[in-house]
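Predicted model follows, preceded by the sequence.
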Amino acid sequence: MALIAPRVTSGLPADQARNLARALQDSNDITVFVDGTVHRLPDEARDAVVDLLTRLSRGDAVTVSSVAEMLTTSQAAELAGISHTYLRNMTDRGEIPVEYRGTHRRIRTSDIVAWLENQKKNQAAEEPAPDTQDDASTSAE
């Protein structure tokens, strides 16, 4: 898969953003028409389209780009938002799978995405739950 130059779109005008936000509220049902033909998107593609539209509805500027299936360690580190050295150390420890092309490491985009998702889950699990004990003691007083 070749890299294609990113496409940058500025945010929507405020009135269009509000209309889009209203349309997206509580809905993940997105219908795509191409040349008058309805296409049902796979869940991952639907989620990406909803995310794109949600960002536009907030008035955010959006950049869309593609990523190669196999990444260099530098590309993978940039995608993950971590340093090249930290990523190399994780591959050495086996935390992220790596393939070698000669002496060069290559990492699957899907492995980086899976690692990022795991990081989000771990972070959410570590966040303290709201303290309901304090609420109960104050209501009893």
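All right, it came through fine.

From the contact counts, what lies against the longest strand seen in the chain?
Secondary structure of the chain per DSSP state E: the longest strand is strand 104-108. Helices and strands touching strand 104-108, by 3 or more C-beta pairs under 8 Å, 6 or more residues apart in numbering; DSSP states H and E, are strand 70-71, helix 73-80, helix 84-92, strand 99-101. To be clear about C-beta, it is placed using only N, CA and C from the backbone, and glycine gets the same treatment.

nearest to residue 11, of the ones you listed?
Proximity to residue 11 (C-beta to C-beta) singles out helix 73-80 among the helices and strands packed on strand 104-108, at 23.7 Å.

which residues touch the closest one?
Contacts with helix 73-80, where a contact means C-beta atoms under 8 Å, 6 or more residues apart in numbering, come from 67-68, 71, 83-84, 86-88, 91, 96, 105, 107, 109, 112, 115-116.

which residues does residue 32 contact?
Taking C-beta under 8 Å, 6+ apart, one finds 38-41, 49 in contact with residue 32.

Out of the residues you listed, name the ones that lie in strands.
Those of these lying in strands (DSSP E): 38-39.

the domain parsing of the chain - what is it?
Segmentation of the chain into domains, based on automatic domain parsing, reads 10-64, 70-126.

returning to that earlier point: quick one: closest of the helices and strands packed on strand 104-108 to residue 124.
Of the helices and strands packed on strand 104-108, nearest to residue 124 by C-beta to C-beta is helix 73-80, at 17.7 Å.
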